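Student: next input, structure requested:
(one chain, ligands or ions: 2)
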Amino acid sequence: MAVATVAALLAALGGALWLAARRFVGPSVQRLHRGGDSGLMHGKTVLITGANSGLGRATAAELLRLGARVIMGCRDRTRAEEEAGQLRREICQAGGPELGPDSGGAGELVVKELDLASLRSVRSFCQEEEPRLDVLINNAGIFQCPYMKTEDGFEMQFGVNHLGHFLLTNLLLGLLKSSAPSRIVVVSSKLYKYGDINFEDLNSEQNYNKSFCYSRSKLANILFTRELARRLEGTNVTVNALHPGVVRTNLGRHIHIPLLVKPLFNLVSWAFFKTPLEGAQTSIYLASSPEVEGVSGKYFGDCKEEELLPKAMDESVAGKLWDVSEVMVGILK
Ligand SMILES: NC(=O)C1=CN([C@@H]2O[C@H](COP(=O)(O)OP(=O)(O)OC[C@H]3O[C@@H](n4cnc5c(N)ncnc54)[C@H](OP(=O)(O)O)[C@@H]3O)[C@@H](O)[C@H]2O)C=CC1
Ligand SMILES: CC1=C(/C=C/C(C)=C/C=C/C(C)=C/C=O)C(C)(C)CCC1
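Tutor: Ligands and ions are numbered 1, 2, ... in the order given. Okay, here's the model as predicted:
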């Protein structure tokens with residue numbers, strides 16, 4: 001009996017040590033920018049959707065440290081203002097450069113209301129005058145929610161992850177072109193592999209599978225990126241998509257996990273998932289690195305180009321999705 005107890009304790013201890021070792025010496029991505037690049041984004045304006053949480057928040061913090069004027073496009077202004085205040089304090093406490101447009105150090109944080117589940121909100125966001133836009137990061141996302149519709153009657157995951165960003169990008173293209181060289185970064189996911197574009201039921205009214213619909217929206221992100229890259233050839237505006245890895249964020253908020261096993265899931269996510277700062281490295285890389293200047297229409301993971309499945313490179317599906325999306329969001333000329 002005593003031997004069995006000792007063996008069980010040793011196994012538990014060994015497991016915990018192994019998890020901790022994985023967490024601290026595991027294959028996480030190195031932080032791209034350390035001390036030396038502080039002025040890299042100085043004078044540049046970056047818009048990040050969903051910047052109040054997870055990857056968007058970490059991306060905002062890093063680009064702010066690099067000197068950018070960061071616009072946080074968020075649906076809940078109060079929560080976003082709180083996060084912005086917290087970010088400013090974190091940077092000051094870390095002995096970072098001074099914040100503010102005239103400081104010459106870190107950049108400036110601006111919160112603007114943007115609900116991607118409302119075409120009206122996207123339009124009114126884009127009507128607010130901005131003199132320039134150097135980087136647009138389509139980051140906001142919703143994952144495996146129960147069946148819901150956006151204000152305009154679109155299935156929520158397709159509506160927010162694809163259509164809201166489709167309209168936003170199209171309405172900002174003029175500004176991005178006049179600010180060129182400029183960049184668009186699209187946060188997709190490896191889960192695109194399990195999606196299909198079912199043109200007969202894009203709103204999933206006949207059949208709703210929450211995993212499939214998330215994957216479809218992420219496949220749409222990549223098809224959109226490739227079609228847009230083709231349309232932007234010769235404009236000096238680039239667009240690339242990425243997979244951030246599996247990251248410990250609030251994305252799993254709609255996944256129901258029984259209370260008793262939640263600690264186990266927390267432990268597993270702590271041990272195996274990337275931190276938001278690690279997960280944000282590819283977004284930061286595509287937004288700021290001179291290495292990807294002029295690169296467009298590609299898909300990245302861990303700051304390296306990755307191959308896509310043929311279904312994500314199908315030009316006729318990408319073209320058709322573009323046309324259908326134009327009609328859905330009402331920008332057909
Ligand atoms: N975490 C991961 O493992 C992975 C994430 N991704 C992608 O990364 C991106 C960022 O997600 P992550 O940081 O993980 O998740 P979070 O849930 O932490 O952040 C998502 C952000 O999107 C915002 N958002 C959701 N719906 C809307 C809306 N209608 N209008 C405006 N903003 C909205 C959220 O706002 P609010 O807080 O108000 O809800 C939040 O700011 C997503 O596109 C996701 O698909 C891809 C692969 C893996
Ligand atoms: C942190 C955390 C969770 C987060 C899950 C996430 C963030 C899932 C991400 C999914 C992926 C890989 C999406 C790809 O596009 C759980 C399991 C809900 C509960 C325990 C704590």
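
Student: ligand 2 contacts on the stretch 1-150 of the chain?
Tutor: Residues of the stretch 1-150 of the chain lying near ligand 2 by C-beta under 6 Å from any ligand atom: residue 143. Quick note: C-beta positions are derived from backbone N, CA and C, even for glycine.

Student: near ligand 1, which residues of the stretch 1-150 of the chain show up?
Tutor: Contacts of the stretch 1-150 of the chain with ligand 1, taken as C-beta under 6 Å from any ligand atom, map to 49-50, 52-56, 75-76, 114-117, 139-143.

Student: secondary structure class for residue 238?
Tutor: The three-state assignment at residue 238 reads strand, by DSSP: H, G, I helix; E, B strand; the rest coil.

Student: quick revisit: filter the residues of the stretch 1-150 of the chain next to ligand 1 down to the buried ones, PyMOL style.
Tutor: Selecting the buried subset of those in PyMOL, with 16 or more other C-beta atoms under 10 Å as the burial test, is done by:
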select buried, resi 49+50+52+53+54+55+56+75+114+115+116+117+139+140+141+142+143
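
Student: and the nearest residue to residue 87 once chain neighbours are set aside, helix, strand or coil?
Tutor: Take residue 87 and drop its neighbours on the chain: the residue closest to it by C-beta to C-beta, 6 or more residues apart in numbering is residue 61, 5.3 Å away. Of the three states, residue 61 takes helix under three-state DSSP.

Student: do you know how far the closest residue in space to residue 250 that isn't next to it in sequence is from residue 87?
Tutor: What sits nearest to residue 250 in space, not counting adjacent residues and going by C-beta to C-beta, 6+ apart, is residue 53, at 5.1 Å. If you measure residue 53 against residue 87 using C-beta to C-beta, to the nearest Å, the figure is 12 Å.

Student: the stretch 101-250 of the chain: strands as residue ranges?
Tutor: 108-113, 135-138, 182-187, 237-243 (DSSP state E, counting those that start in this stretch).

Student: now the residue lying closest to residue 167 once chain neighbours are set aside: how far from residue 258?
Tutor: Distances taken as C-beta to C-beta, 6+ apart place residue 329 nearest to residue 167, at 4.2 Å, with adjacent residues excluded. Residue 329 sits 39 Å away from residue 258, going by C-beta to C-beta.

Student: cool, residue 297 as well?
Tutor: Residue 297 is 43 Å from residue 258, by C-beta to C-beta.

Student: okay, these two: which has more neighbours?
Tutor: Set residue 297 next to residue 258 and count neighbours by other C-beta atoms under 10 Å: residue 297 wins out with 18 against 7.

Student: tell me who's in contact with the more buried one.
Tutor: Neighbouring residues of residue 297 by C-beta atoms under 8 Å, 6 or more residues apart in numbering: 225, 226, 229, 230, 239, 240.

Student: filter the residues you listed down to the buried ones.
Tutor: Buried subset of these (neighbour count, 16+ other C-beta under 10 Å): 225, 226, 229, 239, 240.
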